[in-house]
Every structure is written in structure tokens, then in C-alpha cells.
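> Only the shape, not the letters, is given here:
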């Protein structure tokens, strides 16, 4: 059976009614990141400060009078959420000493562009210094805010506006970066993946990370109706298929040890995940079979690697 | 790819109705740009998106980088290897590129950087227009260097000046900036692509002499001939102040020769680089000096002022840097007053004040929109 994350929330009944990320924002109908933000902000402890890098969530939730944040919130530039959060953590140490009061939690939120690409340097520095902060990467696998350009998180074969699927090149040619691999190489105390289709798992991970004294990161898969090109009603279903097909394994790495949280006895075929998304539709044509095979092989290899790491208990 | 075959795939001579950003990308392809590196940012995305489709079609290369620092340096790498290269960005990305612009000047690598200006500072208003990067384009990187910046005010000018930017960068081995703005980038307008034989394309001068006499940063001429890696000559490039061989040097003479050359190659060629257009200047008492999208509303304002009997004229600058001193000075000798219209709190006004003696007044509209003609007309009326 699957190994559950330490339980702060046992089920939907435990989810607090209090919202710190309120409705009325300008994110799309069926927006994956919006669901992630709502769940994450339900799992926080007060007081909390949120640092938000440039991205969909930042631009669409901060327009007066439609501001969604009921906590102190700061938008920084695209590349430096983790660096700004580092400064805040240090300032809080000084303030707490002066005031003799409990420290705020600091959460830095960035999309995949602000984490995998332009924000990676600042993130790496913050992880190395091991500041007590939670970094959330909401991964919608492209630069959705600027019009769906490919990112370091875009999977192989996906069509975006800068990796269009055409006669010469069938979508993105490069691989998706292994974010957790990069992050864990910094020897931080806690890193995990999560999906909006498994809300209790996501919330428990957020609370667990916030209780840890050090730098932590949660990589949340958040489907994008606009960029992945599917009907807005399918967001959670697609997020669940990503987990059930093995495309996005849900696991955590605590002190370097892997623990798979949602174990699959049987994988659904990846085609189920792919066929309902416009960005992948060219992959089902016979000439692109090799890309599909490649994706399947990636999934298999990734799973066997994770299983082996979990089984042996080797610290990575 | 075969040149004839390639020509078939370029934008064909003819008349088009096209978006400014797309016209810029097509111009770059015609100018011979073989490599594009970029990073997503509004309002310049259409250039990268168009390039990502067109470059593979032409057998050329497009890559998306992890940020603007990487984009700017990637095109320098391509240029060092002998290929024409460009990137496009906007305010925040342009800020990140500053160090690399100084590096391009120091390494004398031709490259084109398109800055589709948006309202700033910082994130500002990504989807709205600004003209606040005028001074940054010239002075953004540290140290002494000179570069060229062009400012288009229409789709046609965006096309023409992009080709011109490649030519100038190849001619002088400098970074050239196309200082467009959001309105010009996103506007649809008429574009006439002339016959290819009528388009002037400049390629950098190459060194072909004996190896033992080759000096990569020779001071014999203002612009030393170029050698690409793999051409058979020794190459050593560094951002450190270097001697004629390209090796770091702390000697006063080496330093002076290099810095003077980096600056003088633009200053001595300035007169050939100045591009501007005059409107109603023959008897103008009030002259509006402007550029980019502001020139469009200024022209309308000047026409309305004329209808009211005010002797107004307009000088539209297509070259911003090096600053077109002579035409501005002459305008100042005949006019009673000069107005500088721009979408910022006053940047272009400073070089204007440097060269003219008559009173200079700014018409500033730093709000994220192009100024309406009435706003400029009010400024003209107030000045008489």
C-alpha cells in the first residue's frame, strides 16, 4: 500500500473553512494553479508571508479590488523570488529577536519559468543557505502568462508557441528537467512532488514542509486549460491522469531518502493522458511514434529508479 | 541551404498588411540573421514565436534560453563564430542584458538587440507602451563605449531599421539596438518589401591576410577586420581591457587605444548613421522633436496647429544614438522654441538641450499610452 504523508489533514472534513487565497481573481476558468493556491493557503499556519515571482498567479490575483491574498504578499521580479524570500527570512530573525515573538512562515511561489529557468540561480542560492522557507513551484509546463512559450519544464514533444509542432520539428525536442533531482542535490531537508488531483496529500506536504527548520520545496503539477488545450472542466481529471499514468510520480525526499506516496500497481496507458490535450495531439500520428515511445520509456525508467531508491533507502 | 532556395522562402517582395513585430522578424531573416536566441517577455513575444517557426523552415537556428542574460550572450557566441544573430526583449529583459551589451562592445561582436519598450519601471505595465529606455539603451552598461540605436515609428520603419541595424552592426562591429515600442510592435500596418536586389545587405569585413600579421584588435583602422573561430587564425577574446592581439593588458597605451577606438568608430561615423525626417520645418517657429509612436500623434498635432495658424514643425528622429546633433542644432537656430515629446518624464530632452540654444520644453506623457494629438497640441499652443 502507499505510504501516506504524515497526517495533519485526514480528509476533506479536516480542510479548514478559512480561505487565505480568496475567490474573485482573474485566473482562467479551470485554472490548475488557482486550485493549487487555494489548497496550499488552506494548509498554512498564520502568520505567513508570501513572495510571488512574476507569472500567471502573480498578475491575475493581485489587481485591486480583486486581490486574493489575505496575507502579506510581495511581488518581485521574475528571477528572484527565492532571493527576496531569503532577505525576508533574515529580516524576520532580527525582528523576532527585537519583538521577542514567533517567526512568520515564508512561502515563495513561482511558476515553472520562475523555478526551472530564470529563477534557478536564486533558488539554488537560497537552498544552499538553507533558509527556513517553503518554495512552491506550480508547474504548468510552459510560460503561460506570456502566451504559452516552452520552458525547461515543458515535456518532450509538447507543442508551444516557441516549439510549434510542424513539418520540420514535432514540438519540443529537449527533455524536461528533473527539478526534484536538482533540488535534492542541495541536500535540503525536504522536497516533494504533489498534484492538485490529490488535495489532502498536497496539503499535508505543505504543512509538513512548514514545520521543518530549513529550506523545503514542493513541486505541484497544475494543468493549464489554455496551454495544454483541453476543456476547462477537465483540469482535475488531467492532473489525476498525469499521476495514474506514471507521468508525474508523487513522492517525497526527506533528508535524501525517497518515499513514494502514491504507489501504482497498474499504470494507465500514457495515451489516455495525451489524447485529450491539444498540445500533444500530433504525437498520436504514426510518424511521431518515436516521441511517444520515448515518453513511455522515460516513465518506466523514472519509476524503476524511484522504486529502487525507496527500496534500498540510499540517501541521494 | 542554397542561396536561391533560401530566397524562395524569405518574405517575397510585395505589399503586405502586417504586425510590426512580425515585420521585424521577417526583416531580420532578409538581412541574413541565422541565429535567434530569446526569452519570453511581453510585448516582444511575436518576434520569438515567429522566429521559432521561420528559422527551422529556412534551415537556420532558433533557441529559447533560460533568461535574457543567456539570450544576449548566446547571440554573442554565435556572432563570434561568424553568424549574424539577434534577440528581442522588453524592459525587464533589456535591463538583464546590460552587462552583455558592454561585452559586445568590448569584444566588437556585431549583434542586434530589439527592445520593444513597455511602460516601466520594473514590471511596469507589460502590455502598454513606454519610451523610458532611451537613456538606458545608450548608458546602460558600465564603462566607455558607443553604440547605435534606431527608433521606428511604423511597421515599414520597423522593417527597414531592422535591416539597417544588421548592416550597421556588421559595418562597425558593434551591438545595435532597435528601440521599438509596444504600439509599433503590435500595430498592423502597410509594409512594402522591395526587390531583394534593391535591399542593401552588409556583411562584416573579413581578414584574409597572412597569419603572422593578423591582429584581431588592430588599431590601424577603426574597425578591425573580423575572423571567426575555424577560419585558421588564432582567436583570443576577453572582456578584460586588451591589446591589439586580444590579450589582457594593463598598459596605458593599450587601454587608451582600445577605448578611443571603441568610441571613435561610432563618433566618426555619426553623420552617416543619423536618420531623421522633417515635417513642415521650412518656416517653423515651434519644433516638436520626437520619435517612435509619439511621432505619429505629434504629426497630427502639428497639422492641427498649422490649421490654427501656428507655425509648427516636427523633427522625427529615427536614429536616437548617436544623437543626431546637426539636424537638431539647425532646427534650434531657426525655431523660437523646441518641444520634446516622449512617453517618459524627460530623457531625449537632455541631448536636445545640449545642442540647442533656444528654450526647450518637454511634453511628457508617462502613463502607458501613446499621447493623444490634443495633448501635444496643448503643448504647442502653450509655447506660442
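Structure received. Quantities reported herein were computed from a predicted structural model and do not represent experimental measurements.

> Can you pull the phi/psi pair for the residue in the stretch 201-350 of chain B that chain A sits nearest to?
Going by CB to the nearest CB, chain A is nearest to residue B:239 of the stretch 201-350 of chain B, at 19.8 Å. All C-beta atoms are positioned from the backbone trio N, CA, C, and that covers glycine. Here is the backbone geometry of residue B:239 (degrees, to the nearest 10): phi -80, psi -10.

> what's the answer for the one 3 residues further on, then?
The phi/psi pair for residue B:242 (degrees, to the nearest 10) reads phi -130, psi 160.

> same deal with the one 4 residues further on?
The phi and psi torsions at residue B:246 (degrees, to the nearest 10) take the values phi 100, psi 0.

> so how far is residue B:221 from it?
In this structure, residue B:246 and residue B:221 are 16 Å apart, going by CB to CB, to the nearest Å.

> Compare those two and say which is more crowded by neighbours.
residue B:246 (18 against 10; other CB atoms under 10 Å in any protein chain shown).

> That one and residue B:216 touch, don't they?
Yes. Using CB atoms under 8 Å, residue B:246 is in contact with residue B:216, at 4.6 Å.

> Mind listing the shared neighbours of these two?
By the contact definition CB atoms under 8 Å, 6 or more residues apart in numbering or on different chains, residue B:246 and residue B:216 are jointly contacted by B:235, B:236, B:237.

> Quick check: the last one vs residue B:246, distance?
In other words, residue B:237. On the measure of CB to CB, residue B:237 and residue B:246 end up 6 Å apart.

> Show me the common contact partners of the two, please.
Common neighbours of residue B:237 and residue B:246 (CB under 8 Å, 6+ apart) are residue B:216.

> Report whether the top strand by length along chain B contacts chain A.
For chain B, the longest strand by residue count, based on DSSP state E, is strand B:111-119. No. Counting by CB under 8 Å from any CB of the partner chain, chain A is not contacted by strand B:111-119; separation bottoms out at 12.0 Å.

> Rounded mean pLDDT for that strand, please.
Strand B:111-119 comes out with an average pLDDT of 97.

> Can you spell out which helices and strands pack onto that strand?
If you count contacts as 3 or more CB pairs under 8 Å, 6 or more residues apart in numbering or on different chains; DSSP states H and E, strand B:111-119 packs onto helix B:20-31, helix B:68-80, strand B:85-89, helix B:91-96, strand B:125-129, helix B:155-172, strand B:175-181, helix B:182-186.

> Not counting residues beside it along the chain, what's closest to residue 55?
Here I'm looking at chain A. Using CB to CB, 6 or more residues apart in numbering or on different chains and skipping the chain neighbours, the partner closest in space to residue A:55 is residue A:111 (3.7 Å).

> Switch to chain B, please.
residue B:62 (3.9 Å).

> what secondary structure does that neighbour sit in?
Residue B:62 falls in the strand class when you classify it by DSSP: H, G, I helix; E, B strand; the rest coil.

> Also residue B:219?
Classified using three-state DSSP, residue B:219 is coil.

> Low-confidence ranges, the chain, go.
Let's take chain A. For chain A, the stretches with pLDDT under 70 are A:1-5.

> wrong one, I was asking about chain B
In chain B (pLDDT under 70), the answer is B:1-6.

> Spell out which residues of it are next to chain A.
Checking chain B against chain A by CB under 8 Å from any CB, the hits are B:38-42, B:45, B:48-49, B:52-53, B:56-57, B:62, B:64, B:66-67, B:92, B:96, B:122-123, B:126.

> can I see the domain layout of chain B?
Domain assignment for chain B by automatic domain parsing gives B:3-198, B:277-383.

> Those domains into TSV, with extra columns for distance to residue A:41?
As requested, those are arranged in TSV below (distance: least, CB to CB, whole Å):
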stretch	distance to residue A:41
domain B:3-198	23
domain B:277-383	31
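
> So which of these is the most surrounded?
Among the domains of chain B, domain B:3-198 has the highest mean neighbour count (mean count of other CB atoms under 10 Å in any protein chain shown), at a mean of 22.

> mind listing the strands for chain A?
Using DSSP E, strands in chain A cover A:48-52, A:73-75, A:105-111, A:133-139, A:190-195, A:215-221, A:251-254, A:257-260.

> and the first one with strand A:133-139, angle?
Note on geometry: by axes from the mean of the first three to the mean of the last three CA atoms, to 10 degrees, strand A:48-52 and strand A:133-139 are set 40 degrees apart in direction.

> other SSEs contacting strand A:48-52?
By 3+ CB pairs under 8 Å, 6+ apart, strand A:48-52 packs against strand A:73-75, helix A:81-99, strand A:105-111.

> rerun at 10 Å
The elements that strand A:48-52 packs onto, with contact taken as 3 or more CB pairs under 10 Å, 6 or more residues apart in numbering or on different chains; DSSP states H and E, are helix A:32-42, helix A:56-61, strand A:73-75, helix A:81-99, strand A:105-111, strand A:133-139.

> Distance of the closest residue to residue A:216 other than its chain neighbours relative to chain B?
Nearest residue to residue A:216, sequence neighbours excluded (CB to CB, 6+ apart): residue A:209, at 3.8 Å. The gap separating residue A:209 from chain B is 26 Å, by CB to the nearest CB, to the nearest Å.

> and residue A:209, how many neighbours does it have?
25.

> Would you confirm that it contacts residue A:106?
No. In this structure residue A:209 lies outside contact range of residue A:106 using CB atoms under 10 Å: 11.5 Å.

> Give me the common contacts of the two.
Common neighbours of residue A:209 and residue A:106 are listed as A:133, A:134, A:135 (criterion: CB atoms under 10 Å, 6 or more residues apart in numbering or on different chains).

> ok so, going back, what sits against the residue nearest to residue B:55?
With contact set as CB under 10 Å, 6+ apart, residue B:62 has these partners: A:162-163, A:169, B:35-38, B:48-56.

> And chain B, is the longest helix seen in chain A touching that?
For chain A, the helix that runs over the most residues, judged by DSSP state H, is helix A:289-312. No. Using CB under 10 Å from any CB of the partner chain, helix A:289-312 never reaches chain B; the gap is at least 16.3 Å.

> got the buried residues for that helix?
A:291, A:292, A:295, A:296, A:298, A:299, A:303, A:306, A:309, A:310 (16 or more other CB atoms under 10 Å in any protein chain shown).

> so how far is stretch A:133-140 off the chain centroid?
Its chain's average C-alpha position is 5 Å from that of stretch A:133-140, according to CA atoms, centre = their mean, to the nearest Å.

> CSV for the helices and strands packed on strand A:48-52, including distance to residue A:284 and mean neighbour count?
Putting those into CSV (distance: least, CB to CB, whole Å; neighbours: other CB atoms under 10 Å in any protein chain shown) gives the following:
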stretch, distance to residue A:284, mean neighbour count
helix A:32-42, 23, 25
helix A:56-61, 28, 23
strand A:73-75, 40, 17
helix A:81-99, 37, 17
strand A:105-111, 28, 28
strand A:133-139, 24, 27
